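> model this:
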Amino acid sequence: MIEGLAALYIFMLAGFTGYEIISRVPVILHTPLMSGSNFVHGIVLVGAMIALGIAESTIEQIIGFIAVLLGAGNAVGGYVVTERMLEMFKPSDKGSEQKGSEG
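Okay, here's the model as predicted:
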């Protein structure tokens, strides 16, 4: 019983701390910050797979499976956002192609 309350307390404290930290980040830094934290998504996914591997009851296996699905989606989504962000910084060749076709 006490371990469960301690885990709930740590979860609530981590959630509050994360919210406070992210809310103070300037808007222009959100995308680089999230793309730089993709390794954290991988660690979460590994933790979810370990939790699923040691699950014994059916409810633990269901929760572990959902955690693996959400962790994988989070990791893939982070890399997709990073790829889109990097595409924004590549120079476009559309302007040079249009000038060449006119002359």
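> average pLDDT for stretch 92-103, rounded please.
Stretch 92-103 shows a mean pLDDT of 59.
> got it, and stretch 39-57?
Across stretch 39-57, the average pLDDT comes to 85.
> so how far is it off the chain centroid?
15 Å (Cα atoms, centre = their mean, to the nearest Å).
> put the alpha carbons of it into PDB.
Listed next in PDB are the C-alpha coordinates belonging to stretch 39-57 (Å, rounded to 0.1, in the frame of the first residue of the first chain):
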ATOM      1  CA  PHE A  39      16.400   9.500 -27.100                       C
ATOM      2  CA  VAL A  40      14.100   9.800 -24.000                       C
ATOM      3  CA  HIS A  41      11.300   8.300 -26.100                       C
ATOM      4  CA  GLY A  42      13.500   5.300 -26.900                       C
ATOM      5  CA  ILE A  43      14.300   4.800 -23.200                       C
ATOM      6  CA  VAL A  44      10.500   4.900 -22.400                       C
ATOM      7  CA  LEU A  45       9.900   2.300 -25.000                       C
ATOM      8  CA  VAL A  46      12.600   0.000 -23.600                       C
ATOM      9  CA  GLY A  47      11.200   0.400 -20.100                       C
ATOM     10  CA  ALA A  48       7.700  -0.400 -21.400                       C
ATOM     11  CA  MET A  49       9.000  -3.600 -23.100                       C
ATOM     12  CA  ILE A  50      10.800  -4.600 -19.900                       C
ATOM     13  CA  ALA A  51       7.600  -4.000 -17.900                       C
ATOM     14  CA  LEU A  52       5.600  -6.100 -20.400                       C
ATOM     15  CA  GLY A  53       8.200  -8.900 -20.300                       C
ATOM     16  CA  ILE A  54       7.900  -9.300 -16.500                       C
ATOM     17  CA  ALA A  55       4.100  -8.900 -16.400                       C
ATOM     18  CA  GLU A  56       2.400 -11.800 -14.800                       C
ATOM     19  CA  SER A  57      -1.400 -11.100 -14.700                       C
END
